[in-house]
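1. fold the following for me, if possible:
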Amino acid sequence: MLKELGDKALEKFPLTQLRITHADNAQDLWYLRGDVMTAISSLDGEAVAHNKITGINKMFSGLVPKNLLIKTNRRTDQTLKS
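-> Residues are numbered from 1 along each chain as shown. Here you go, the predicted structure:
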């Protein structure tokens, strides 16, 4: 997640970096994806952020309940169709 944020976002959004760094588990990180999306979107645009979040989501396979991944995949598919 920190890598996808990049240096510019880490400087502009230090609280997001801190939350990611101090997350206790995968579920905590899962719920920080919105903050990561916001940070990336503000600097690089929503399309870039969406692509990066899609890659991040794949990293959570087997780490968060399956129903969370399914919901996310459905939302991603709907967004791409729009």
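2. end to end, how far does stretch 18-33 reach?
-> By C-alpha to C-alpha, to the nearest Å, the extent of stretch 18-33 from end to end equals 14 Å.
3. and that stretch, which residues are buried?
-> 19-20, 29-30, 32-33 (16 or more other C-beta atoms under 10 Å). Every residue, glycine included, has its C-beta placed from N, CA and C.
4. next one: stretch 40-47
-> Quick answer for stretch 40-47 (16+ other C-beta under 10 Å): 40-41.
5. for that stretch, give the mean pLDDT please.
-> Averaged across stretch 40-47, the pLDDT comes to 94.
6. and that stretch, how far out from the chain middle?
-> How far stretch 40-47 lies from its chain's middle: 12 Å, per C-alpha atoms, centre = their mean, to the nearest Å.
7. restricting to C-alpha, output it in CSV.
-> C-alpha atoms of stretch 40-47 as CSV (Å, rounded to 0.1, in the frame of the first residue of the first chain):
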residue,chain,number,x,y,z
ILE,A,40,-3.9,8.6,-4.9
SER,A,41,-7.0,10.1,-6.5
SER,A,42,-6.1,13.6,-5.3
LEU,A,43,-2.6,13.4,-6.9
ASP,A,44,-2.9,11.1,-9.9
GLY,A,45,-6.6,11.0,-10.7
GLU,A,46,-9.4,8.5,-10.0
ALA,A,47,-8.5,6.1,-12.9
